[in-house]
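**Student:** Got a sequence here, can you build the structure:
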Amino acid sequence: MSAGDVNVYALICPLDKKIKYIGVSANLERRLKQHISTRRHDANKPKGEWITKLVDLGLKPELSTVEAVHYGNYTKRESFWINYCFDNGIELLNIRRS
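**Tutor:** Numbers count the residues shown, from 1 in each chain. Alright, predicted model coming up:
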């Protein structure tokens, strides 16, 4: 993979337009479908419950690219954006790693 093939993305609530989750993927469309299809068995229960509530309302999370990154650097950039959001008062559903 080359630069720009991996994206740090945000899942955004279609109801209040707030960022709820930061992730990383090379295929954003497929990743959104995975979030939706695995929501009831998600290891991250709060995220799974949030997506389930949206689906029950006939909605789905909106997905937005935050940054295109080098494949070898994506974990650092994902962590940066997660920490940035937490540090700026954004209540993410990510499980924060220390």
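**Student:** which residues does the nearest residue to residue 5 once chain neighbours are set aside contact?
**Tutor:** Leaving aside its sequence neighbours, residue 5 sits nearest to residue 26 (Cβ to Cβ, 6 or more residues apart in numbering; 5.6 Å). The way it works is simple: take the backbone N, C-alpha and C, and place the C-beta from them, glycine included. With Cβ atoms under 8 Å, 6 or more residues apart in numbering as the criterion, the residues that contact residue 26 are 1, 5-7, 71.
**Student:** now residue 26: how far from residue 76?
**Tutor:** 16 Å (Cβ to Cβ, to the nearest Å).
**Student:** Report the lowest-confidence entry in the contacts of residue 26.
**Tutor:** In terms of pLDDT, the weakest of those is residue 1, which scores 43.
**Student:** Let's see the ChimeraX selection covering just the buried ones among the contacts of residue 26.
**Tutor:** This is how ChimeraX selects the buried members of the contacts of residue 26, with burial counted by 16 or more other Cβ atoms under 10 Å:
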select :6,7
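**Student:** now the strands for this protein?
**Tutor:** Listed in chain order, the strands found in the chain under DSSP state E are 6-12, 19-25, 62-69.
**Student:** The longest one: how far from the chain's middle?
**Tutor:** Relative to the chain's own centre, strand 62-69 is displaced by 9 Å; criterion: Cα atoms, centre = their mean, to the nearest Å.
**Student:** residues touching the spatially closest residue to residue 67 that is not a sequence neighbour, list them.
**Tutor:** Closest residue to residue 67 apart from its sequence neighbours, by Cβ to Cβ, 6+ apart: residue 8 at 4.6 Å. For residue 8, the contacting residues are 22-24, 65-69, 74, 77-78, 81, taking Cβ under 8 Å, 6+ apart as the criterion.
**Student:** same thing with residue 5?
**Tutor:** With Cβ under 8 Å, 6+ apart as the criterion, the residues that contact residue 5 are 26, 68, 71.
**Student:** What count of nearby residues applies to the residue nearest to residue 44 when sequence neighbours are not counted?
**Tutor:** The shortest distance from residue 44 to any residue other than its chain neighbours is 5.6 Å, reached at residue 95 (Cβ to Cβ, 6+ apart). Counted by other Cβ atoms under 10 Å, the residues lying close to residue 95 total 11.
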